[in-house]
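> No letters, just coordinates:
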């Protein structure tokens, strides 16, 4: 297929506009955005850690899920044709997915091990890993502990002040999440 002069001009104008937008954002703003994203992504990882850990606990079950739910809508697109992947490719993709998830769990565990002995780790544990169970209408509901509830629970315990407040609990959490972000994402989190 031949590319017309108009298409080439459109591509050139688009490229120029992208570079203009990229250059309008300062280096410091880009660094701050990457740092903010690392913090947010670390929090997402912490909230999903227990589920991810459960997800990779049994490799055979994880791989076996592929055979239970075969979908006819899984397709691969390549130039000028659409094809359904064969069983071997689906199995290979599933194993690769499992290995990525398992590697992620190992990275998270190493980062948690690095911050485990720091003051305030109990805040991380209560906020992200423990759930408050409540009965509502005959059903058990799990909720995340609020900062106020964490402060009330930890006040006067394990080296915390009797008058531990919500702001201090948030500061512990933010400090440890930033530390963990560095362990997970390196200098992008700084």
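All right, it came through fine. Just so it is clear, the structure is predicted and the values come from calculations on it, not from any experiment. Residues are numbered from 1 along each chain as shown.
> Quick check: closest non-adjacent residue to the most centrally placed residue in the chain.
Central residue of the chain (C-alpha atoms, centre = their mean): residue 45, 3.4 Å from the mean position. Nearest residue to residue 45, sequence neighbours excluded (C-beta to C-beta, 6 or more residues apart in numbering): residue 108, at 6.0 Å. (Each C-beta comes from the backbone N, C-alpha and C, glycine too.)
> how near is that neighbour to residue 48?
Distance of residue 108 to residue 48, computed by C-beta to C-beta, to the nearest Å: 9 Å.
> how close does residue 142 sit to residue 133?
6 Å.
> Not counting the helix or strand that residue 9 is a member of itself, show me its contacts.
Element membership of residue 9 [criterion: DSSP states H and E] is helix 5-24. By C-beta atoms under 8 Å, 6 or more residues apart in numbering, no surrounding residue is in contact with helix 5-24.
> Would you mind identifying the next helix or strand past it?
helix 27-55.
> buried residues in that following helix?
35, 38, 39, 42, 43, 45, 46, 49, 53, 55 (16 or more other C-beta atoms under 10 Å).
> Equivalent analysis for stretch 96-112, please.
98, 102, 104, 105, 108, 111, 112.
> Check the average confidence over the host helix or strand of the fourth one, would you?
Yep, that's residue 105 we're talking about. Element membership for residue 105 (DSSP H and E) is helix 87-115. For helix 87-115, the mean pLDDT works out to 89.
> swap in stretch 147-160?
Here the average pLDDT along stretch 147-160 is 91.
> and that stretch, how far apart are its ends?
From its first residue to its last, stretch 147-160 covers 14 Å (C-alpha to C-alpha, to the nearest Å).
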